[in-house]
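K.L.:
When you get a sec, could you give me coordinates for this:
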Amino acid sequence: MNDLKITIIQTELHWHNPKANRSDFAQLIENIEESTDVIILPEMFTTGFTMAATENAEPEPGETLHWMQQQATQNQAVITGSLIIEQHGHFYNRMYWVEPNGDYQSYDKKHLFTYADEHHHFTAGRERLIVEYKGWRVCPLVCYDLRFPVWSRNDVDYDVLIYIANWPAPRRAAWQSLLKARAIENMAYVAGVNRIGSDGNDLHYAGDSTIYNAVGEPMSVPDIQTPFVETLTLCNDTLQQQRSHFGFLNDRDNFTLK
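P.N.:
This is a model prediction of the structure:
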């Protein structure tokens, strides 16, 4: 299995303005200076984290999904991020995994953020998604899912966890600590991509986007409140050596959720 290059994009978002956000991300993606395999955008990257689902939802397939397919094909890299989708009268915080050939899979956010009444506006997902790409097994999750280790549990031998978020600055200590914990307990790379700036609810976001290796070491120093695009290489040999040396996954408890 070859190494995997992941690009994380941390930036501000235009409130309730998909066209402007798509334009900004297209420019940021175009300016990536090296080849990459996976490009990660934040949660609700077209609107910011909003409960105005009816006004901002798109159908599936919709304009943003088509845009993601175009970007994935043009850049020959996976594009992943979430947006608001309406389907059969329900609204979902849906994360897409779009591959260069246009094929896509999706994950609906399982843990809805009750503190912000997300559960009153959106329908929760029921199943995790594990995607296989270039020999790597990837588990994409969304924001509040980070606080629930059982849902993130590596019981299916994935190699990478991805968390996309609109995680407010007052709780940045939890973001930093939990990303690191998820990497350590699951012996997997963990990529966390958060936004910066302020949204339409006057909530401020500090960013702190980074990738941790399987022993919880940050692969770069998180930039606070600064827009940036960074490509990091996940080394398969290093991952397998760490897993083989420590063997922590061999001692996992076995249990089934009901």
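K.L.:
Buried residues, stretch 142-153. List them.
P.N.:
142-146, 152-153 (16 or more other Cβ atoms under 10 Å). Just so you know, the C-beta spots here come from the backbone N, C-alpha and C atoms, and that holds for glycine as well.
K.L.:
Break down this protein into its strands, ranges please.
P.N.:
Secondary structure of the chain by DSSP state E: the strands cover 4-10, 38-40, 78-87, 90-98, 104-108, 131-133, 136-142, 160-165, 189-194, 196-198, 204-206, 210-212, 228-234.
K.L.:
and of these, who's closest to Phe122?
P.N.:
Smallest distance to Phe122 across these (Cβ to Cβ): 5.0 Å, for strand 90-98.
K.L.:
Residues touching the closest one, excluding its own?
P.N.:
For strand 90-98, contacts defined as Cβ atoms under 8 Å, 6 or more residues apart in numbering pick out 43-44, 53-54, 57, 60, 65, 68-69, 71-72, 78-86, 104-109, 112, 118, 121-123, 125, 129, 131, 138, 140-142, 164.
K.L.:
Nearest residue to the residue nearest to the spatial centre of the chain in space, ignoring adjacent ones along the chain?
P.N.:
Nearest to the geometric centre of the chain sits Ile164, at 2.9 Å (Cα atoms, centre = their mean). Distance criterion Cβ to Cβ, 6 or more residues apart in numbering; nearest residue to Ile164, sequence neighbours excluded, is Glu43 at 4.6 Å.
K.L.:
Does that neighbour touch Ile84 like I think?
P.N.:
No - using Cβ atoms under 8 Å, Glu43 makes no contact with Ile84, being 10.5 Å away.
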